[in-house]
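1. Dropping the sequence and predicted coords here.
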Amino acid sequence: MDIDPEVGAALAAMALRKPLPVGEWKSRRDAMNATYRELEAASVRVDGVDTADLTVSSADGHQVPVRLYRVPSSLPTALLVYLHGGGMIAGSVDVYDQVCRRYAVDAGVAVLAVDYRLAPESPFPAPLEDCVAAVEWALRHVAQMNLPGGPVALMGDSAGGGLAAATAVACRDRGIGSLAAQLLVYPMLDDRTASATSAVAPFLTWTPDDNITGWQALLGDAYGTDEIPANAVPARVRSLRGLPRTYIEVGQLDLFLDESVVYATRLMQDEVPVHLVVRPGVVHGYDRVAPDSRAAQAAHTDRVAFLRSL
């Protein structure tokens with residue numbers, strides 16, 4: 001199996017993270033955040049977007065920082081709640097600032113980016129409850145975006161994609177409004193993913209050891225047992241019926257390939273409309289590592305088209 005040449009060249013130019021033992025979350029966080037800051041600093045600046053930093057109240061009273069992005073010169077067509085990546089243990093709205101600005105401009109949506117609490121300091125259900133609170137706020141305030149009755153959608157990448165999937169399930173189960181769609185970009189869906197095939201292993205930017213560490217941080221002592229809390233892991237949810245229409249995208253050289261395809265298949269079996277994209281030759285996070293690559297540009301075009309269809 002071959003890596004996309006443009007993505008491979010971008011990876012070769014980066015100082016890749018050194019392998020760390022399972023459970024070493026602090027060093028992973030530091031290294032991941034450093035990479036995120038470098039990628040954010042290298043991003044093309046997106047102008048013409050107004051931002052407002054707000055807070056929403058989570059179920060336990062925690063004040064969740066959120067950032068609202070709007071293009072002042074146009075009326076947004078939808079309100080998109082965006083959940084950043086970071087393996088459950090890293091990331092922030094600040095290192096996804098240009099990502100959110102670009103969706104606001106290119107897709108014509110307002111974006112609400114959520115600075116949910118991170119594990120292991122705040123294990124499940126804290127991150128999920130922060131994201132649910134943000135969706136509830138979005139549904140209550142969508143009319144203030146000059147979108148009375150307008151669509152609210154969820155989007156996230158990597159851990160944020162997994163949290164978006166879990167949040168959509170929680171909103172369904174609790175009867176919290178109506179979501180127009182969920183966009184899951186190379187999502188972290190299954191705590192049982194703990195190995196990779198020999199063909200894919202050399203290309204992994206998020207490894208089985210990383211994955212185990214992230215899920216252990218989120219689930220604590222329940223990890224690896226039959227005591228996983230209900231709805232903590234999207235892949236373990238029994239029924240996906242009644243979830244909003246879904247966009248799922250994953251790379252062929254991503255640890256999350258199989259779990260993403262399985263989740264998409266289950267959604268279809270439960271009569272949820274699904275747009276599934278498996279991108280050949282690309283790795284986890286390829287669009288941020290190689291934003292100018294043809295693969296990343298095609299992905300952005302597909303996501304924007306889906307958002308514009310809401």
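-> On my side now, so go ahead. Residues are numbered from 1 along each chain as shown.

2. which residues does Leu255 contact?
-> 193, 196, 200, 204, 206-208, 211, 284 (CB atoms under 8 Å, 6 or more residues apart in numbering). The way it works is simple: take the backbone N, C-alpha and C, and place the C-beta from them, glycine included.

3. Sort out for me which of those residues are in helices.
-> Per DSSP state H, helices hold the following members of the contacts of Leu255: 208, 211.

4. Dump the contacts of Leu255 into JSON lines; add neighbour count and distance to Cys131 as well.
-> What follows is those, written out as JSON lines (neighbours: other CB atoms under 10 Å; distance: CB to CB, whole Å):
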{"residue": "Thr193", "neighbour count": "18", "distance to Cys131": "21"}
{"residue": "Ala196", "neighbour count": "20", "distance to Cys131": "28"}
{"residue": "Val200", "neighbour count": "17", "distance to Cys131": "29"}
{"residue": "Leu204", "neighbour count": "17", "distance to Cys131": "26"}
{"residue": "Trp206", "neighbour count": "23", "distance to Cys131": "20"}
{"residue": "Thr207", "neighbour count": "18", "distance to Cys131": "25"}
{"residue": "Pro208", "neighbour count": "15", "distance to Cys131": "25"}
{"residue": "Asn211", "neighbour count": "25", "distance to Cys131": "20"}
{"residue": "His284", "neighbour count": "24", "distance to Cys131": "21"}
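
5. distance between stretch 46-54 and the chain's centre?
-> 20 Å (CA atoms, centre = their mean, to the nearest Å).

6. Closest one of the contacts of Leu255 to Glu24?
-> Relative to Glu24, the closest of these is Thr207; by CB to CB it sits at 12.4 Å.

7. circling back to that earlier point, can you list the contacts of Leu255 in TSV and add pLDDT and distance to Gln182?
-> TSV is the format used below for these (pLDDT from 0 to 100; distance: CB to CB, whole Å):
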residue	pLDDT	distance to Gln182
Thr193	97	20
Ala196	96	26
Val200	94	26
Leu204	96	25
Trp206	97	21
Thr207	97	26
Pro208	98	26
Asn211	98	21
His284	98	19
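
8. Confirm that Arg279 lies within a strand, as I assumed.
-> Yes. With DSSP: H, G, I helix; E, B strand; the rest coil as the criterion, Arg279 is part of a strand.

9. wait, isn't it in contact with Leu253?
-> No. Between Arg279 and Leu253 there is no contact under CB atoms under 8 Å: 9.1 Å.

10. out of the contacts of Leu255, who's nearest Leu79?
-> His284 (27.6 Å).

11. where does that closest one fall, phi/psi-wise?
-> His284 adopts backbone torsions of phi -60, psi 130, taken as degrees, to the nearest 10.

12. Any chance you could list what contacts the longest helix anywhere in the chain?
-> As assigned by DSSP H, the longest helix anywhere in the chain is helix 25-42. Residues outside helix 25-42 that contact it (CB under 8 Å, 6+ apart): 14, 17-18, 20, 86-87, 89-92, 94-98, 118-120, 210, 213-214, 217, 288-289.

13. follow-up on the earlier one: now the two most distant members of the contacts of Leu255.
-> With CB to CB as the measure, no two of the contacts of Leu255 lie farther apart than Val200 and Asn211, at 13.0 Å.

14. can you dump the C-alpha coordinates of stretch 204-220 into CSV?
-> The C-alpha trace of stretch 204-220 is given here as CSV (Å, rounded to 0.1, in the frame of the first residue of the first chain):
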residue,chain,number,x,y,z
LEU,A,204,0.3,5.6,11.3
THR,A,205,0.4,9.1,12.7
TRP,A,206,-2.0,8.0,15.5
THR,A,207,-0.8,4.6,16.7
PRO,A,208,-2.5,1.7,18.7
ASP,A,209,-0.5,2.8,21.8
ASP,A,210,-1.7,6.4,21.3
ASN,A,211,-5.3,5.1,20.9
ILE,A,212,-5.1,2.9,24.0
THR,A,213,-3.7,5.9,26.0
GLY,A,214,-6.5,8.2,24.9
TRP,A,215,-9.3,5.8,25.7
GLN,A,216,-7.7,4.9,29.0
ALA,A,217,-7.6,8.6,29.9
LEU,A,218,-11.3,9.1,29.0
LEU,A,219,-12.7,5.8,30.5
GLY,A,220,-10.4,5.4,33.5
